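Q: build the 3D model from these lines:
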Amino acid sequence: MKPVPRSLFPAIDKTMSNLKAIRDRIDSVKNTKKITEAMRLVASAKVRRAQEQVLASRPFADRLAGILYGLQSRLKFEEADLPLLKQREVKKVGLLVIAGNRGLCGTYNSSVIKRAETRAKELEAEGIECTYLLVGRKAIQYFQRRDTPIRATVENPEKNPALDKVRDSADNLLDLFLSGELDRIELIYTKFVSLIASRPVIQTLLPLDTQGLEPQDDEIFRLTTKNGQFEVTREKVKNTLTDLPRDMIFEQDPAQILDALLPLFLTNQLLRAWQESIASELAARMTAMSNASENAGDLIKSLTLSYNKARQASITQELLEVVGGAEALK
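A: Numbering: from 1, shown residues only. This next block holds a predicted model:
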């Protein structure tokens, strides 16, 4: 008996083609999963470094807040004739928006941009002119494509911001405020809540508001691992701000000391917000890549099941074709 030509079985050829397409799709999804898993691990390592840098900057920030709190008890800030504390009629506001340079981080960039647009509409409804001070490539690209006034742009560093860069940015903000070009500067950034949650917030940078120096407990988030899974632990930190001794004698006038410390306070606020934004972006990217890896795993299981069913059907079909062909050649 001569072998039956393959062309007599078009159904088999079609089934084998479908099997090859499924195999190719499975290989493609597996490669994608490797990439997303690697990006998740890189983001988690960067979150740890960002966390360490935040903790390293805490002693200076706490000490500075302690000194300002002590001066506040000696000197009524409302009576101090200092430019950085002076409230004036608001005609033009600068919105300092901190976003990221890259995507693949869920709704991190879109959330802070949307919050900035909402705030701009609120100010315009009050008859207040606003302009944007943008940090991060995503925010710069978004607002440049629209008819929006942009006063300054700064590219977000890939790592945590260096103190020199933050200080330069704070000096530029001071120049805009003290020159009268802007009557108020508001900071819009993403506050780090947890690995799976972040919240865009608005904070007034200038004029400075030191009413938030009252002693209060703080909370530190630490990224740890448990049973091979990442998790966040919370640690309560007792605030130790106390009044300065009543018998302490100042060599300089307290107002002069305050005038020298307020720019440091501004730089520290900007640094803290910048660090929290970067930590939020990394946490959002880690979560997004983790979800992508899980979805890829589910898709691989589904494709493997489809492949096995198609392969079983092809074997059955091939047997039927062979038997039918043999019967036809008798």
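
Q: switch to C-alpha atoms for all contacts and neighbour counts from now on
A: OK.

Q: separation between the residue nearest to Thr107 when sequence neighbours are not counted and Phe60?
A: Among residues not flanking Thr107 along the chain, Ala284 sits closest, at 7.8 Å (C-alpha to C-alpha, 6 or more residues apart in numbering). For Ala284, the distance to Phe60 equals 28 Å [C-alpha to C-alpha, to the nearest Å].

Q: what about the two, which has more around it?
A: More crowded of Ala284 and Phe60, by other C-alpha atoms under 10 Å: Ala284, with 26 against 11.

Q: wait, what's in contact with the more buried one?
A: 105-108, 195-197 (C-alpha atoms under 8 Å, 6 or more residues apart in numbering).

Q: looking at those, which are in strands?
A: Ala197 (DSSP state E).

Q: buried subset of the contacts of Ala284 as a ChimeraX selection?
A: Here is the ChimeraX command that selects the buried residues among those (16 or more other C-alpha atoms under 10 Å):
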select :105,106,108,195
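
Q: is it possible to export the contacts of Ala284 to a markdown table including distance to Asn172 and pLDDT?
A: What follows is the contacts of Ala284, written out as a markdown table (distance: C-alpha to C-alpha, whole Å; pLDDT from 0 to 100):
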| residue | distance to Asn172 | pLDDT |
| --- | --- | --- |
| Cys105 | 29 | 88 |
| Gly106 | 31 | 87 |
| Thr107 | 29 | 89 |
| Tyr108 | 26 | 91 |
| Leu195 | 32 | 70 |
| Ile196 | 34 | 72 |
| Ala197 | 31 | 75 |
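
Q: pLDDT score assigned to Leu55?
A: Leu55 is assigned 71 on the pLDDT scale.

Q: what sits up against stretch 128-146?
A: 90-103, 109, 113, 120, 123-124, 148-156.

Q: so Thr148 lies in a strand, does it not?
A: No: assessed by DSSP: H, G, I helix; E, B strand; the rest coil, Thr148 does not belong to a strand; its assignment is coil.

Q: where does the stretch 101-250 of the chain dip in pLDDT?
A: 158-159, 210-250 (pLDDT under 70).

Q: let me see the ranges of the helices in it.
A: Counting by DSSP state H, counting those that start in this stretch, the stretch 101-250 of the chain has helices at residues 108-125, 137-144, 163-178.

Q: surely Asn160 meets Glu52?
A: No: counting by C-alpha atoms under 8 Å, Asn160 does not reach Glu52; the two are 10.4 Å apart.

Q: more crowded one of the two?
A: Between Asn160 and Glu52, counted using other C-alpha under 10 Å, Asn160 has the larger neighbour count: 20 against 12.

Q: tell me who's in contact with that one.
A: 50, 53, 274-275, 278.

Q: for Asp209, same thing?
A: By C-alpha under 8 Å, 6+ apart, the residues touching Asp209 are Leu85.

Q: the strands in the stretch 201-330 of the chain, which residues?
A: 218-226, 229-237 (DSSP state E, counting those that start in this stretch).

Q: which helix runs longest in the protein?
A: Within the chain, and with DSSP state H defining each element, the longest helix by residue count is helix 254-329.

Q: give the rounded mean pLDDT of it.
A: Averaged across helix 254-329, pLDDT comes to 85.

Q: tell me the angle of that helix relative to helix 108-125?
A: With axes from the mean of the first three to the mean of the last three C-alpha atoms, to 10 degrees as the basis, helix 254-329 and helix 108-125 are set at 130 degrees to each other.

Q: give me the distance from helix 254-329 to the chain's centre.
A: The chain centre lies 16 Å from the centre of helix 254-329; the measure is C-alpha atoms, centre = their mean, to the nearest Å.

Q: buried ones from the contacts of stretch 128-146, can you make that a ChimeraX selection?
A: The buried residues among those can be selected in ChimeraX (16+ other C-alpha under 10 Å) with this line:
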select :92,93,94,95,96,97,98,99,100,101,109,113,120,150,153,155,156
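
Q: circling back to that earlier point, so which of the helices of the stretch 101-250 of the chain is nearest Ser314?
A: Ranking those by their distance to Ser314 (criterion: C-alpha to C-alpha) puts helix 108-125 first, at 46.7 Å.
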